[in-house]
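1. Sequence plus the predicted model coming up.
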Amino acid sequence: MSGDEPLLRVEGLEKYYESETDFIDRLFGRRKEVKAVDGVSFEIREGETLGLVGESGCGKSSIGRSILRLREPTAGSVYFKGRDVTALSDGELRDLRKEMQIIFQNPRSSLNPRLTVNDIIGEALDIHGLEDDTTRDARIKELLERVGLNASHANRYPHEFSGGQLQRIGIARALAVDPDFIVCDEPVSALDVSVQAQILNLLEDLQEELGIAYLFIAHDLSVVEHISDQIAVMYLGTIAEIGTPEELFEPPQHPYTEALLSAIPEPDPLWEGDRVLLEGSVPSPIDPPSGCTFHTRCPRVIPPADYDFEQEEWHAVMSLRHRAREGDIALAALDDEDSLPATIREEFDIPSPLSDPAAENAVGEAIEAIAAERFADAAELLNETFETPCTTDEPALRRTDAGRIACHLFDPDYAGEPGDAEEAGGGGEAGDSGAGSTADDEAVAGSAASGGD
Ligand SMILES: Nc1ncnc2c1ncn2[C@@H]1O[C@H](COP(=O)(O)OP(=O)(O)OP(=O)(O)O)[C@@H](O)[C@H]1O
């Protein structure tokens, strides 16, 4: 590994799964792909932590598992100490797993209930042939004490421990092989808040003492804020923003980061922004929105240049367009004594008329189409009429004064701040099928931890 080479370098990583298809799709040989990870790049240096955050289903675990090849990446490269992990043979991969480990969210399902703690930790040592009989017990005792457990409990079974204690056993198992890098996949999400802090402190102490680097996955920004050297915010399989905690939070730049931060019940006292409530749910990774995938929920979509919109009017039209695209407008519930188009307008807070006459024509026509249940026609009309870079162009991750941000608001070619284009989402061939469920991976983890799957 050369002096400048980071410990881990992920380049254009993709993980596509084959989705469950229905009978008709199978009959016609139609396959659909879940784009769980769609061109992700980042680096982690020795002894540092990258916090990876985002809502459920945005692809965090798929990244963690693809790095360790518990799931085979669809495309892209993962360099660990300069070696491409994706090109390693099974034997080489087994050796590498002495250096790269994983801790799971739910230790109750990831630790074998039929083995004693002694056997769980010892298994990792045995498979890697790391200790002989005389030193094995001493090493297990040392590991248990290192993670804050009583070494005399080594002969107990997992059901005799609390959730926090079990997570300590999971950490001891990962430490057994003396790794340089650990994927921590939501290791505190299933624990009580008071226990969460203890586990986070333990992981920090271990990092300080042993120089281990972490990829720390969480869905909550507040969990990673204090332990990360860098934080990557993910949305629908791509990185929306990446930077140091200071760059990300003071103040938040990307509209998605801003929304995530304002969703924390007690936001950072340094942050004085308004609460941002995101509309709707995360779209399906099988058919992600065009352009910036966040545009269907973004409160700051760039208005189209050809129309003179007030921001509120524009937001209302975007909301109408999104709900028409999803076919998500319950007309029966809106039917009252007024005409249906007028009620739809009212429901979406669209002024009558809009300030721009040309925009009014298009929106009026779209509302008529919706009233006639022609949702797809309405969505297409609104799409074609009100094109903006947010709906047509995929934003590249650009370097700015506040970290790297994938948002057209920060692109000088559109509306925003100066920045240098740095990297686009990775290309590459599509679609292998997913390898098993979370539970399967966790079962493998016992052996992944010990290199034996
Ligand atoms: N084996 C699989 N087959 C098909 N789709 C999958 C498979 N595993 C994950 N997915 C899908 O891939 C997407 C990303 O899932 P992933 O678990 O990586 O996200 P996540 O951000 O870790 O979510 P969570 O926080 O809920 O664990 C989701 O839409 C998920 O349903």
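-> Here it is on my side, so go on. Numbers count the residues shown, from 1 in each chain.

2. model confidence over stretch 110-122, on average?
-> What stretch 110-122 shows for mean pLDDT is 89.

3. What is the end-to-end distance of that stretch?
-> Start and end residues of stretch 110-122 are separated by 16 Å (C-alpha to C-alpha, to the nearest Å).

4. Identify the residues contacting that stretch?
-> 104, 123, 136-137, 140, 143-144, 149, 153-159, 161, 166, 169-170, 172-173, 176, 442-443, 445-446 (C-beta atoms under 8 Å, 6 or more residues apart in numbering). Every residue, glycine included, has its C-beta placed from N, CA and C.

5. Which among these count as buried?
-> Buried members of the contacts of stretch 110-122, scored by 16 or more other C-beta atoms under 10 Å, are 104, 123, 136, 140, 143-144, 149, 154, 156, 158, 161, 166, 169-170, 172-173, 176, 442-443, 445-446.

6. Pop the domain breakdown of this structure in here.
-> By the assignment in automatic domain parsing, the chain contains the domains 8-247+429-449, 311-387.

7. which residues touch the nearest residue to Leu340 once chain neighbours are set aside?
-> Once flanking residues are discounted, Leu340 sits nearest to Ala371: 4.2 Å by C-beta to C-beta, 6 or more residues apart in numbering. When contacts are counted by C-beta under 8 Å, 6+ apart, Ala371 is found next to Leu331, Leu340, Pro341, Ile344.

8. cool, and Pro158?
-> Contacts for Pro158 (C-beta under 8 Å, 6+ apart) come out as Pro107, Arg108, Leu111, Asn112, Pro113, Leu115, Val117, Ile120, Leu166, Ile169.

9. For burial, what's the neighbour tally of whichever residue of the stretch 101-250 of the chain sits closest to the ligand?
-> Nearest to the ligand, among the residues of the stretch 101-250 of the chain, is His219, at 5.3 Å (C-beta to the nearest ligand atom). The local packing of His219 (other C-beta atoms under 10 Å) involves 18 other residues.

10. follow-up on the earlier one: cross the contacts of Pro158 against helices and list the overlap.
-> Using DSSP state H, the subset of the contacts of Pro158 located in helices is Pro107, Arg108, Val117, Ile120, Leu166, Ile169.

11. Quick one: end-to-end length of stretch 244-261, please.
-> This stretch, stretch 244-261, spans 15 Å end to end (C-alpha to C-alpha).

12. packing partners for the helix or strand where Gln196 lies?
-> With secondary structure defined by DSSP states H and E, Gln196 is part of helix 193-210. In terms of contact count using 3 or more C-beta pairs under 8 Å, 6 or more residues apart in numbering; DSSP states H and E, helix 193-210 is assigned the packing partners helix 163-175, strand 213-218.

13. so which of the domains of the chain is the most packed in?
-> Highest mean neighbour count of the domains of the chain: domain 8-247+429-449, a mean of 19 (counted as mean count of other C-beta atoms under 10 Å).

14. what about it, distance to the chain center?
-> Computed by C-alpha atoms, centre = their mean, to the nearest Å, the chain-centroid distance of domain 8-247+429-449 equals 14 Å.

15. Hey, what's the angle from the helix holding Gln196 to strand 213-218? Just curious.
-> Relative orientation of helix 193-210 versus strand 213-218 (axes from the mean of the first three to the mean of the last three C-alpha atoms, to 10 degrees): 160 degrees.

16. Checking Gly12 next. Helix, strand or coil?
-> Going by DSSP: H, G, I helix; E, B strand; the rest coil, the secondary structure assigned to Gly12 is strand.

17. same deal with the one 4 residues further on?
-> At Tyr16, secondary structure determined by three-state DSSP is strand.

18. What's the separation between it and Val37?
-> 8 Å (C-beta to C-beta, to the nearest Å).

19. any chance you could read off phi and psi for the closest residue to Asp306 other than its chain neighbours?
-> Of all residues not flanking Asp306 in the chain, Ala358 sits nearest, at 7.7 Å (C-beta to C-beta, 6+ apart). Reported as degrees, to the nearest 10, the phi and psi values for Ala358 are phi -70, psi -40.

20. For stretch 384-396, measure first residue to last.
-> For stretch 384-396, by C-alpha to C-alpha, the gap between its terminal residues amounts to 23 Å.

21. For it, give me every contacting residue.
-> Everything outside stretch 384-396 that qualifies as a contact, by C-beta under 8 Å, 6+ apart, is 289-292, 295, 298, 301-304, 307, 317-318, 321, 359, 362, 383, 406-408, 411, 414, 421-425.

22. what's the residue of the stretch 101-250 of the chain closest to the ligand in contact with, if anything?
-> Applying C-beta under 8 Å, 6+ apart, the residues contacting His219 are Val53, Gly54, Glu55, Ser56, Lys60, Glu186, Ser189.

23. now, which of the residues you listed lie within strands?
-> Val53 (DSSP state E).

24. Now render the contacts of His219 as TSV, adding distance to Met100 and pLDDT.
-> TSV is the format used below for the contacts of His219 (distance: C-beta to C-beta, whole Å; pLDDT from 0 to 100):
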residue	distance to Met100	pLDDT
Val53	21	96
Gly54	22	93
Glu55	26	90
Ser56	25	90
Lys60	17	96
Glu186	18	94
Ser189	21	89
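
25. Is it possible to get JSON lines of the contacts of His219 that adds distance to Gln253?
-> As requested, the contacts of His219 are arranged in JSON lines below (distance: C-beta to C-beta, whole Å):
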{"residue": "Val53", "distance to Gln253": "15"}
{"residue": "Gly54", "distance to Gln253": "16"}
{"residue": "Glu55", "distance to Gln253": "19"}
{"residue": "Ser56", "distance to Gln253": "23"}
{"residue": "Lys60", "distance to Gln253": "21"}
{"residue": "Glu186", "distance to Gln253": "25"}
{"residue": "Ser189", "distance to Gln253": "26"}
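
26. Name the nearest of the contacts of His219 relative to Asp84.
-> Lys60 (22.2 Å; C-beta to C-beta).

27. leaving aside the residues next to it on the chain, what's closest to that closest one?
-> Lys60 sits nearest to Ile217 (C-beta to C-beta, 6+ apart), 4.6 Å away.

28. What residues are bridge-paired with the one you found?
-> In this entry, Ile217 is beta-bridged to Leu52, Asp185, by DSSP bridges.

29. now Gly91: how far from Phe181?
-> Following C-beta to C-beta, the distance that separates Gly91 from Phe181 is 20 Å.

30. how far away is the residue of the stretch 101-250 of the chain closest to the ligand from Leu260?
-> Relative to Leu260, His219 is positioned 9 Å away (C-beta to C-beta).

31. overlap in contacts of the two?
-> Each of Val53, Gly54 lies in contact with both His219 and Leu260 under the rule C-beta under 8 Å, 6+ apart.
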